[in-house]
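> pasting a predicted model and its sequence here:
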Amino acid sequence: MSIGNALSEQLSAKVTELKQAVSAVGEENAARRPVDGEWCAKEVLSHLAGEDSSAIVDRLNRFVVEDTPELELTPGVSAFTPDRAQTSLAGLMSRVESQYGQLETFLAGLTDEQFARKAHVVALKGSPMGEYPTLSQWAGFAINIHLGGHVNQLRSLA
């Protein structure tokens, strides 16, 4: 199995877990914060959706089309706006599903050689990936650690 197909399958499984966690939260609790300063379910989904519907794929595509692109990493940005606060939980989940569906297709279409390409991410200098992660490392982290962490966050909100 290619790296792209494996990552695409992992992403599909995480999105299924995400949908289950969101349905357990329910619309009635979607805007409830467990503690002041912590994110509600709508804010978690806003973070996963990002500000732009193609931002996730665009960022990863930079590994493919640029030689060692400089990528910024800004943890904790939720993209939660007044409009999103008024959007239903199902509407936000639909937006996330659409974006991650695009990402699944993108990942499945890449070659193993493309997954070996690197980017420069200064914020990761002290991390296990180092400041020059491969596309495979970045995508694996985004799926299994980042998205997986938010699945667990939503489960705790239920």
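Cool, the structure landed. Numbering: from 1, shown residues only.
> what's near enough to touch Y100?
Shown in contact with Y100 (CB atoms under 8 Å, 6 or more residues apart in numbering): 11, 15, 56. Placement of C-beta: from N, CA and C, glycine included.
> burial measure for the second one, as a count.
Summarising burial for V15: neighbours were counted as other CB atoms under 10 Å, giving 22.
> element containing it, please.
If you go by DSSP states H and E, V15 is part of helix 3-25.
> mind listing what's buried in that helix?
By 16 or more other CB atoms under 10 Å, the buried positions in helix 3-25 come out as 3-4, 7-8, 10-11, 14-15, 17-19, 21-22, 25.
> identify, from the residues you listed, the entry nearest to L45.
Proximity of those to L45 was ranked by CB to CB; the top entry is V22 with 7.1 Å.
> I figured the closest one was touching L154, is that so?
Yes. Contact criterion CB atoms under 8 Å: V22 and L154 qualify, at 6.0 Å.
> overlap of the contact sets of these two?
Residues touching both V22 and L154 (CB under 8 Å, 6+ apart) are A41.
> give the residue farthest from the middle of the chain.
Residue farthest from the centre of the chain, counting by CA atoms, centre = their mean, is E28 at 24.3 Å.
> from A21, how far out is that residue?
E28 sits 15 Å away from A21, going by CB to CB, to the nearest Å.
> let me know the pLDDT of the residue farthest from the centre of the chain.
Per-residue confidence (pLDDT) for E28: 93.
> how about it, secondary structure?
Per DSSP: H, G, I helix; E, B strand; the rest coil, the secondary structure class of E28 is helix.
> ok so, going back, next SSE after the helix holding V15?
Later in the chain than helix 3-25, the nearest helix or strand by DSSP H and E is helix 41-49.
> which other helices and strands does that next one contact?
Secondary structure elements in contact with helix 41-49, counted by 3 or more CB pairs under 8 Å, 6 or more residues apart in numbering; DSSP states H and E, are helix 3-25, helix 82-86, helix 89-108, helix 148-157.
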